[in-house]
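>>> Here's my sequence, what's the structure:
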Amino acid sequence: MIRKLLSYKHWSTVARRVYRLLVSKDVPAGEKLLFGVPVLLYWVLPDAMPFLPLDDIAVTLIAMNYFAGRAERKFGIR
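Presented below is the predicted three-dimensional model:
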């Protein structure tokens, strides 16, 4: 499990999945905003959320993984 999370191959696959979902017309704009807005806010205002001691990249990767899995299950996209 840890080896998978530290793998470049895993994260490059997740990045491709997220890109495919963001450009897909099957995924509503609201779902895309649920992913993009929090990530952008965390990148711009990291000091506004001091209770999360995570790096910007870690937050982005966690959000990418969650968004890809959720959107693919919810909209049946593979």
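
>>> shaky segments in the chain?
In the prediction, the chain carries residues with pLDDT under 70 at positions 1-2, 4-5, 46-54.

>>> At which residues are the helices of it located?
Listed in chain order, the helices of the chain (DSSP state H) span 2-5, 8-23, 29-44, 56-75.

>>> any chance of the ones you listed in JSON lines, plus mean neighbour count?
For every residue, glycine as well, the C-beta is placed using N, CA and C. Formatted as JSON lines, the entries for the helices of the chain read as follows, by neighbours: other C-beta atoms under 10 Å:
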{"stretch": "helix 2-5", "mean neighbour count": "8"}
{"stretch": "helix 8-23", "mean neighbour count": "14"}
{"stretch": "helix 29-44", "mean neighbour count": "13"}
{"stretch": "helix 56-75", "mean neighbour count": "15"}
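
>>> quick one: the residue lying closest to residue 68 once chain neighbours are set aside from residue 30, how far?
Here the nearest residue to residue 68 in space, its sequence neighbours aside, is residue 17; by C-beta to C-beta, 6 or more residues apart in numbering that works out to 4.2 Å. Using C-beta to C-beta, to the nearest Å, residue 17 is found at 19 Å from residue 30.
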